[in-house]
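Please find the sequence and the predicted model below.
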Amino acid sequence: MKSIIYLLLLCSLFSCKPEIKDHYIINGTAKGIYNGMRAYLKEPNERGQLINKDTAIVLDEKFSFKGVRNEPTLEYLYIDGHKNYLPLIIENGAIDIAINKDSIETSNVSGTTNNKEYALYSKEQRQLNTRIKTLTNQFKKATIQNATNKSELYKNIIENRKKLSNLNLDFIKNHENSYVSAIILNSIITDKQTSITDLENLFSGLTEAIKNSEYGKYINASILKQKQLRQQQKGIQIGDMAPNFTANTPEGKPLALYDIKGKVTIIDFWASWCGPCRRENPYVVKTYNKFHEKGLEIISVSLDKNGQKDRWIKALQDDNMSWHHVSNLQSWQDPIARSYGVRSIPATFILDASGKVIAKNLRGSALENKIAELIY
């Protein structure tokens, strides 16, 4: 009995609070924010658009939110009349926020472990970004004035960018059980300075609880999507096996690359509206006529647009292109061009009999000489 009385006395003296586990409560102080102003918790939807999750009204420079989250979520606190926002992690527990009305994004957040970690990380990140911005402005000014310190400024910019990159990677590696690590990992997935291998290794290092969470599953899917996107952007390189594809001929019949492969095969990406392509066509015609009977095959993939099939067919006739032709009539959205990483035309891939790419983007006499080398 004496122990209970003693514990109650301690709690009365030091404001003991029961630990909250089944819901969250946000206690906000908003010094200088007028009564009636609204505070919003927002979260991006699948399209990246911010939607309201909850709303609170400021009264006597205070506001509060209460609710339940099955797992931590990164959300954004907005306050009427302020364009900036405060990122914070909503998770079950007591979260305290002291609003800085002049700089919402620097408001103090405390209470839960994830928010303490995120606040420390965000502070260091802001400091590095501010330093980089200041150095960049100084470098621009030094460049205009041709100042002697511009090389040193540029060196400092690179060093601080490296520190920022290392800040992200080191935090994730050293906090494998932190939800903050998942947030940071998600933020760098599209940063091409971080390799796919590094992204996969960082994700693999997280605890099973985080990897198996809904957010963890989302991150894993995002990494896979980024991996596929980078592969498409990289395109097919010399030494790669050319992926098979099928598309419709001008007659509307499906034709596959592997159906027409010869001793040497040229995949030619072009379009009737492409001036450089049309100027290149006479060289391709000459090469085809000279080597077709000796084993050369060509399949041209047109990036003509939907509704312009007639223009495509007319260009074939006008340019005497008597080899194989296919098109999805989807212009730059053509799935074949995207899978091969084609971002400009004309573009050519030369394949050997096995389907391996042995040369790329040869034009004019260089194309003819390469085919002669391979045929004979």
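Done, it's in.

the domain parsing of this structure - what is it?
13-110, 115-234, 246-375 (automatic domain parsing).

Turn those domains into a markdown table, columns for mean pLDDT, mean neighbour count and distance to residue 240.
The way it works is simple: take the backbone N, C-alpha and C, and place the C-beta from them, glycine included. What follows is the domains of the chain, written out as a markdown table (pLDDT from 0 to 100; neighbours: other Cβ atoms under 10 Å; distance: least, Cβ to Cβ, whole Å):
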| stretch | mean pLDDT | mean neighbour count | distance to residue 240 |
| --- | --- | --- | --- |
| domain 13-110 | 88 | 15 | 33 |
| domain 115-234 | 91 | 15 | 10 |
| domain 246-375 | 95 | 17 | 5 |
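
centroid residue for this structure?
In the chain, the centroid-proximal residue (Cα atoms, centre = their mean) is residue 190; its distance is 2.8 Å.

Spatially nearest residue to that residue, not counting backbone neighbours?
Leaving out its chain neighbours, the residue that sits closest to residue 190 by Cβ to Cβ, 6 or more residues apart in numbering is residue 226, at 6.4 Å.

how near is that neighbour to residue 334?
Residue 226 sits 22 Å away from residue 334, taking Cβ to Cβ, to the nearest Å as the criterion.

Likewise for residue 346?
14 Å.

again, but for residue 198
According to Cβ to Cβ, residue 198 and residue 334 sit 32 Å apart.

Then residue 245?
From residue 245 to residue 334 the distance is 10 Å (Cβ to Cβ).

what residues are shared contacts of those two?
residue 301 (Cβ atoms under 8 Å, 6 or more residues apart in numbering).

What's the end-to-end length of stretch 202-209?
Stretch 202-209 has its terminal residues 15 Å apart, counting by Cα to Cα, to the nearest Å.

Now do the helices in this structure.
2-14, 113-144, 150-174, 179-187, 196-205, 208-211, 214-234, 257-260, 275-291, 309-318, 335-339, 364-375 (DSSP state H).

Save those helices as CSV, and put in distance to residue 266 too.
Shown next, in CSV, are the helices of the chain (distance: least, Cβ to Cβ, whole Å):
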stretch, distance to residue 266
helix 2-14, 81
helix 113-144, 46
helix 150-174, 42
helix 179-187, 42
helix 196-205, 31
helix 208-211, 46
helix 214-234, 21
helix 257-260, 11
helix 275-291, 8
helix 309-318, 16
helix 335-339, 14
helix 364-375, 8
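
closest to residue 40 out of these?
Nearest of these to residue 40, taken as Cβ to Cβ: helix 113-144 at 18.0 Å.

could you give the angle of the closest one to helix 179-187?
Angle, helix 113-144 to helix 179-187, by axes from the mean of the first three to the mean of the last three Cα atoms, to 10 degrees: 40 degrees.

Off-centre distance for helix 113-144?
Here helix 113-144 is found 22 Å from its chain centre; the criterion is Cα atoms, centre = their mean, to the nearest Å.

got the angle between it and helix 150-174?
170 degrees.

other SSEs contacting helix 113-144?
Other helices and strands packing on helix 113-144, by 3 or more Cβ pairs under 8 Å, 6 or more residues apart in numbering; DSSP states H and E, are strand 86-90, strand 108-110, helix 150-174, helix 179-187.

Now do the contacts for the closest residue to residue 339 other than its chain neighbours.
Leaving aside its chain neighbours, residue 339 sits nearest to residue 243 (5.8 Å; criterion: Cβ to Cβ, 6+ apart). By Cβ under 8 Å, 6+ apart, the contact set of residue 243 is 236, 339, 340.

tell me the contacts of the last one?
Listed by Cβ under 8 Å, 6+ apart, the contact set of residue 340 reads 235, 236, 243, 267, 269, 347, 349.

Would you reformat those residues as JSON lines and include distance to residue 366?
Listed next are the contacts of residue 340 as JSON lines, based on distance: Cβ to Cβ, whole Å:
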{"residue": "235", "distance to residue 366": "20"}
{"residue": "236", "distance to residue 366": "19"}
{"residue": "243", "distance to residue 366": "25"}
{"residue": "267", "distance to residue 366": "17"}
{"residue": "269", "distance to residue 366": "17"}
{"residue": "347", "distance to residue 366": "14"}
{"residue": "349", "distance to residue 366": "14"}
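
Spatially, which two of the residues you listed are the most separated?
Using Cβ to Cβ, the pair of those lying farthest apart is 243 and 347, separated by 14.8 Å.

Tell me which residues are up against stretch 31-47.
Under the criterion Cβ under 8 Å, 6+ apart, residues 28, 30, 50-61, 63, 65, 73-81, 85, 90, 98-99, 101 lie in contact with stretch 31-47.

swap in stretch 55-62?
So stretch 55-62 is contacted by 27-41, 63-65, 79 (Cβ under 8 Å, 6+ apart).

picking up where we left off before, next, the residue nearest to residue 339: phi, psi?
phi -60, psi 140 (degrees, to the nearest 10).

So what's the gap between stretch 329-341 and the chain middle?
For stretch 329-341, the distance to the chain centre is 20 Å (Cα atoms, centre = their mean).

and it, how far apart are its ends?
Stretch 329-341: ends 17 Å apart by Cα to Cα.

With stretch 96-115 instead?
10 Å.

Touching that stretch from outside, list them.
Residues contacting stretch 96-115 (Cβ under 8 Å, 6+ apart): 26-33, 72, 77-79, 82, 84-89, 91, 93-95, 116, 118-119, 126, 178-180.

and with 7 Å instead?
With Cβ atoms under 7 Å, 6 or more residues apart in numbering as the test, stretch 96-115 has contacts from 26-33, 72, 79, 82, 84-86, 88-89, 91, 93-95, 116, 119, 178-180.
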